[in-house]
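Student: coords please:
(one chain, ligands or ions: 1)
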Amino acid sequence: VFLGHFAVAFAAKKVAPQTSLATMFVAVNLADILFPVFLLLGVESMRLVPGFTAINPFDLYHMPWSHSLLMDLVWALLFAGLYFARRRYATGALLAGMGVLSHWLLDWLTHRPDMALYPGGAKYGLALWMSAGGTIALETMMFALGLALYRSATRARDRAGSIGLYALAAFLYALYIASIFGPPPPGITTLAVSMVILTGILLAWTAGLDRHREAR
Ligand SMILES: [Zn+2]
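Tutor: Okay, the predicted model is just below:
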């Protein structure tokens, strides 16, 4: 899942308008922000197997710390706790925590059975990724809905706030399509490093965009 996670981050604005889009971006993607770091540290592992799913060649056989339900619950509590300590905004903290957990649910829906309940525990996955059409249809619908909710919850302060939103949406969608139909990554290290760089870019972009929009 890629767009589906962003859909959740955008939609959260409707419920917690004071929480920055950047905060929710980190929440919904926290598992995928930790994963490349754990890959580079050698704590988690994956391999590229052509045709492993219809969407990507990712055999995600060992990601107990970033993608098990128990650990995601721990990350969710930590993230929500830190957010509450800083902002004292209970709705935002709750949404951020739920955002972290939503990652596991969406990944469970799409991945082949590689989503563990706890490190070393049984793994589950409904494998929507085996259907490219089904995955793209679901994520596109979720993304459109999330964007519509974000748009209805906020208004642009200036041109950067209006054009910036469309530019971000277009960038994310183009990246999504390219990741499915483009060439596979040449290796795990390249994949992990590009995930870290992309996280930095999207963090700056979502934070910047959110400052150019305000709650309606
Ligand atoms: Zn994930």
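
Student: residues touching residue 28, list them.
Tutor: 5, 6, 8, 9, 99, 100, 102, 103 (CB atoms under 8 Å, 6 or more residues apart in numbering). (Glycine included, C-beta is placed from N, CA and C.)

Student: Let me see the ranges of the strands in the protein.
Tutor: 45-48, 58-62, 115-116, 123-124, 154-156, 213-215 (DSSP state E).

Student: quick one on the thing from earlier: which two in the contacts of residue 28 are spaced the farthest apart?
Tutor: Pairwise distances across these peak at 14.3 Å for 6 and 100 (criterion: CB to CB).

Student: more crowded one of these two?
Tutor: residue 6 (28 against 25; other CB atoms under 10 Å).

Student: So that one sits against residue 173, correct?
Tutor: No: look at residue 6 against residue 173 with CB atoms under 8 Å: they stay out of range, at 9.7 Å.

Student: Find residues that contact each of the two.
Tutor: Joint contacts of residue 6 and residue 173 (CB under 8 Å, 6+ apart) are residue 143.

Student: Identify the residue nearest residue 62 in space, chain neighbours excluded?
Tutor: Excluding the flanking residues, the one nearest residue 62 by CB to CB, 6 or more residues apart in numbering is residue 45, at 4.5 Å.

Student: can you count the residues close to the one you found?
Tutor: If you count neighbours by other CB under 10 Å, residue 45 ends up with 13.

Student: Repeat that for residue 214.
Tutor: 13.

Student: Now do the contacts for the closest residue to residue 96 other than its chain neighbours.
Tutor: Of all residues not flanking residue 96 in the chain, residue 27 sits nearest, at 4.4 Å (CB to CB, 6+ apart). By CB under 8 Å, 6+ apart, the contact set of residue 27 is 9, 12, 79, 95, 96, 97, 99, 100.
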